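Engineer: How does the following fold in three dimensions:
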Amino acid sequence: MKIRINLFFFVGFLLVLASCGTSKSMHHQPEVSNYNTAKPVVTKQSDTVFVSGKNSLLKNKQGIWEMYLEGDPLEIGLNAGALSDSLLKNQEHIFFSKIQDIIPSKFEQKMLRHFLKWYNRKLYLNVPEEYQTEIYGISQYTSTDFDNIAPQFQRSLYLHAAHDIGHALQDLALVGCSSFAAWGEKSEDGNLILGRNFDFYVNDAFAENKIVAFVNPKEGNQFMMVTWPGMIGAVSGMNEQGLTVTINAGKSKIPMIAKTPISILTREILQHATTIDQAIAIAKKRSVFVSESIMVGSAIDNKAVLIEVTPKKMAVYEVPNSDQLICSNHFQSDAFKNEEQNQFQIANSHSKYRFDRMQELFAENPKINPKIASEILRNKEGLQNMPLGYGNEKALNQLMAHHGIIFKPKEKLVWVSANPYQLGEFVCYNLDSIFKERKTNNVVSLEQENLNIAKDPFLETTKYKNYQNFRIEDHKIDLYLKNKTEITSDFIQNYQSLNPDYWVVYYKTGLYFYRKKDFRKSQDNFEKALTKEITTAPEKIQIEKYLKKIKRKLQ
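Structural biologist: Predicted structure coming up:
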C-alpha cells in the first residue's frame, strides 16, 4: 500500500520530530468555561428514537438516522455525542479496525501514531474555535479504547482530517466523487438542481449508520448535511438560504503539515454564507492542506460554481454562457488545468472518464429533474453504454458510495439515498417545513414521503445478487494470493462468472497463475483483462509488463 511507502519515506524525519512541538497540541482543549458543560439527559423512547430536550435522533423506515440539533457549539456537540453514543463508539471501532487492516504491523502502527502527532501538531490552530468546541462536546462520548493513538479530543479532531489525510497519503485511494449542476434551459423548471455521489469508502459497515443532520445553531444559518457519527464537517449539505456545498478531491502532493480540513471549511460556508460571493470570501480566509473542488450552488444566484483550492492558491471556475456544471476529480480553471499535477491526474486516473460520461448523459437528457438526476447518479455503464463490470471506478455508480444526494435549492428540497450505496430509495426532505416543525417537541420522521424517488430496480436483479457474491469471492482470492493458497478451477470459473465484464477477475486470476509459473494460463487471463475497460492507465501498463515478462519466459 502507498501509505506504507509514505510512512517509511518519513520515518527518519519523524523519529527526530515526533517529540518536538507536539506536547501543546496533544494537551490543547478549547475554552469551554463560558458554556453550560452539563451533559444532556437522553430519553430512549424506543430502540430507534432518542430525545434530549428539542434534540433528537430517529431511524426512519429506510434505515437513515435523522438527527436534529440546536443551540450553541457545545450544546450541539454534547447532544450529538449523547444521542449517538453507541453509534459513535461503533463508528470509531469500524474506522480504526480498517487502519489495522491496512497496517497490521504493530511497529508501523506505532510509526503512524508518531506521524499523526507530528503531522497534526498545528491542526487545532486551523480549526475555528466554534467547531473545536463542537468537536470537544462530541469527544466526551468517544471510546477510550483508542487513547493510545491520541486523547479523545485530539483523536476526534484528527478524524475530521481523515478525508484529507486519506487522499494525501494514499493518493485518492479513498475518494473519487462525481457531481453536477443544471439551471436555466438545462433544468426542467429553470431552477438550479444539483446531484452528487460521495464515494468515500472505508468499508460497508462505515456507511451503515449514515446520518442526515438538521442543525439550528445559535449563530449562522440553519442547515442540513449528510454525515456519520462523530463528524461535524460538511461533505454534502444545504442551508436555509438554499446554498449547497459538496466536495470532490483533487490531485495533491503530500503536504508537510495539516491545516484546515476541507470539511471544516465547507461547514463554515454552509453555516455562514448565503451567496456564492460570500462562500468565496470564506474560502479565501482559510489555508487548506490538500487540493479540492468545492461545488457551491445558490438559490439566490440560481447557478453553481467550483471553488478550486490547493495549499498554495485558489480559483473560481464556471463555464461561460452555460447552464450546467460538471465535476469529477481534476481541476478545470485556467489557474490549474495545465499544471503538471492536474495533467497527471487526468492521464492516470478515472476522473476524466467519469467527467466525459456525465457530459454524455447530460447530452442525452436535455432537461434535468430529480428523477433523471437519480438515474445519472446510479448509472453503472461506461461511455456509449459500454459494460464496465460492476464495481469499476470508471462508472459514476461505483457501487461503493457512502451516499448519493440531490438538491433543489430554491424549493429547499433535498433527496438522500438510503442504503445500499445510492441504490436505495432517495428520501426527500423539505428544510423549510423541518425547521418550522421542530419548534415543537414532536419527534417524527422528517421525510416528504410523497416526493421520494423509488429504489433502483437493479437491487432486485440476479446481476446485483451476483455482484454481492462476487465481493465475497474477491475477498477470498485476495487472501489466497496473500497466503499463496491453492485455488481450484471451480472457484476461478465461478469467480469470473459472477462479474464477467470486470477486468479485475481476469487480472487476479492471471496473477495467481503467474505466481504458480503456469505462464500459458496467466497469459490467457492477462490478455482477457486487456479486452475489458481497465480502470486506470497505470493498471493497464502493469498488465502489459506482466505479458512482456511472460513472453520472455516462454521463449
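
Engineer: For residue 212, list the residues it contacts.
Structural biologist: 64-67, 224-227, 416, 427, 429, 446 (C-beta atoms under 8 Å, 6 or more residues apart in numbering). C-betas here are computed from N, CA, C, even on glycine.

Engineer: all helices for the stretch 51-200 of the chain, in order.
Structural biologist: Ranges of helices in the stretch 51-200 of the chain, per DSSP state H, counting those that start in this stretch, are 73-83, 85-102, 106-119, 129-139, 152-159, 162-169.

Engineer: For residue 232, which of those is the nearest?
Structural biologist: helix 129-139 (5.2 Å; C-beta to C-beta).

Engineer: List the contacts of the closest one.
Structural biologist: 29-32, 35, 73-81, 88, 124, 127, 152-153, 155-157, 160, 219, 230, 232, 264, 267-268.

Engineer: hey, which helix or strand in this structure has the poorest pLDDT?
Structural biologist: Lowest by mean pLDDT, DSSP states H and E among the helices and strands of the chain is helix 2-17, with a mean of 35.

Engineer: per-residue confidence averaged over stretch 398-417?
Structural biologist: Mean per-residue pLDDT for stretch 398-417: 96.

Engineer: Just the endpoints, please. Distance across it?
Structural biologist: Distance across stretch 398-417, first residue to last, is 14 Å (C-alpha to C-alpha, to the nearest Å).

Engineer: List the buried residues of that stretch.
Structural biologist: Within stretch 398-417, the residues that count as buried by 16 or more other C-beta atoms under 10 Å are 398-417.

Engineer: number of nearby residues for residue 83?
Structural biologist: As a burial measure, residue 83 scores 25 neighbours (other C-beta atoms under 10 Å).

Engineer: Do I have it right that it meets residue 59?
Structural biologist: No - when contacts are counted by C-beta atoms under 8 Å, residue 83 is not listed as touching residue 59 (11.5 Å).

Engineer: Bridging across strands, which residues link to the closest residue to residue 79 other than its chain neighbours?
Structural biologist: Nearest non-adjacent residue to residue 79, counting by C-beta to C-beta, 6 or more residues apart in numbering: residue 55, 4.1 Å away. Per DSSP bridges, the residues bridged to residue 55 are residue 52.

Engineer: can you pull the contacts of residue 55?
Structural biologist: With contact set as C-beta under 8 Å, 6+ apart, residue 55 has these partners: 40, 67-71, 79, 83.

Engineer: Tabulate the residues you listed (CSV), appending pLDDT.
Structural biologist: Formatted as CSV, the contacts of residue 55 follow (pLDDT from 0 to 100):
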residue, pLDDT
40, 95
67, 97
68, 96
69, 97
70, 96
71, 97
79, 98
83, 97
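
Engineer: Redo these as a markdown table? Include distance to residue 207.
Structural biologist: Below are the contacts of residue 55 laid out as a markdown table (distance: C-beta to C-beta, whole Å):
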| residue | distance to residue 207 |
| --- | --- |
| 40 | 27 |
| 67 | 16 |
| 68 | 21 |
| 69 | 21 |
| 70 | 26 |
| 71 | 28 |
| 79 | 23 |
| 83 | 19 |
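
Engineer: Closest one of those to residue 434?
Structural biologist: When these are ranked by distance to residue 434 (C-beta to C-beta), residue 68 comes first, at 7.9 Å.

Engineer: In the sheet, which residues pair with that closest one? Tell me.
Structural biologist: Counting by DSSP bridges, residue 68 is bridged to residue 56, residue 214.

Engineer: Make sure it is actually in contact with residue 56.
Structural biologist: Yes - the pair residue 68 / residue 56 is scored as a contact, 5.0 Å apart, by C-beta under 8 Å.

Engineer: residues near the residue nearest to residue 65 when sequence neighbours are not counted, how many?
Structural biologist: Distances taken as C-beta to C-beta, 6+ apart place residue 211 nearest to residue 65, at 4.5 Å, with adjacent residues excluded. When neighbours are counted by other C-beta under 10 Å, residue 211 registers 24.

Engineer: State the phi and psi torsions of residue 211.
Structural biologist: phi -120, psi 130 (degrees, to the nearest 10).

Engineer: just the one 5 residues further on next, same as before
Structural biologist: For residue 216, the backbone dihedrals (degrees, to the nearest 10) come out as phi -120, psi 80.

Engineer: now it, nearest residue through space, not along the chain?
Structural biologist: Of all residues not flanking residue 216 in the chain, residue 70 sits nearest, at 3.8 Å (C-beta to C-beta, 6+ apart).

Engineer: The one you found: how many residues sit nearby?
Structural biologist: 19.

Engineer: mind listing what it touches?
Structural biologist: 54-55, 76, 215-217, 438.

Engineer: which one of those residues is nearest residue 394?
Structural biologist: Comparing these against residue 394 with C-beta to C-beta places residue 215 closest, at 35.7 Å.

Engineer: Wait, that closest one touches residue 222, no?
Structural biologist: Yes - taking C-beta under 8 Å as the definition, residue 215 is a contact partner of residue 222 at 6.8 Å.

Engineer: From the neighbour counts alone, determine which of the two ranks first.
Structural biologist: residue 215 (27 against 18).

Engineer: for the residue lying closest to the more buried one once chain neighbours are set aside, what are its contacts?
Structural biologist: With C-beta to C-beta, 6+ apart as the criterion, residue 215 has its nearest non-adjacent residue at 5.0 Å, and that residue is residue 69. Residues in contact with residue 69 (C-beta under 8 Å, 6+ apart) are 55, 75-76, 79-80, 213-216.

Engineer: switch to 10 Å and redo it
Structural biologist: Going by C-beta atoms under 10 Å, 6 or more residues apart in numbering, residue 69 touches 52, 54-57, 75-80, 83, 134, 213-217, 232, 438.

Engineer: So which residues of the stretch 401-550 of the chain form helices?
Structural biologist: Assigned by DSSP H, counting those that start in this stretch, the helices in the stretch 401-550 of the chain fall at 431-437, 462-483, 489-498, 503-515, 519-530, 537-554.

Engineer: Dump the ones you listed to CSV, plus mean pLDDT and mean neighbour count.
Structural biologist: CSV is the format used below for the helices of the stretch 401-550 of the chain (pLDDT from 0 to 100; neighbours: other C-beta atoms under 10 Å):
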stretch, mean pLDDT, mean neighbour count
helix 431-437, 90, 16
helix 462-483, 96, 14
helix 489-498, 98, 15
helix 503-515, 97, 21
helix 519-530, 98, 18
helix 537-554, 96, 13
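
Engineer: Identify the residue nearest the geometric centre of this protein.
Structural biologist: For the chain, the residue nearest the mean C-alpha position is residue 200 (2.7 Å; C-alpha atoms, centre = their mean).

Engineer: circling back: so which of the contacts of residue 55 is the closest to residue 548?
Structural biologist: Nearest to residue 548 among the contacts of residue 55 is residue 67, at 54.9 Å by C-beta to C-beta.
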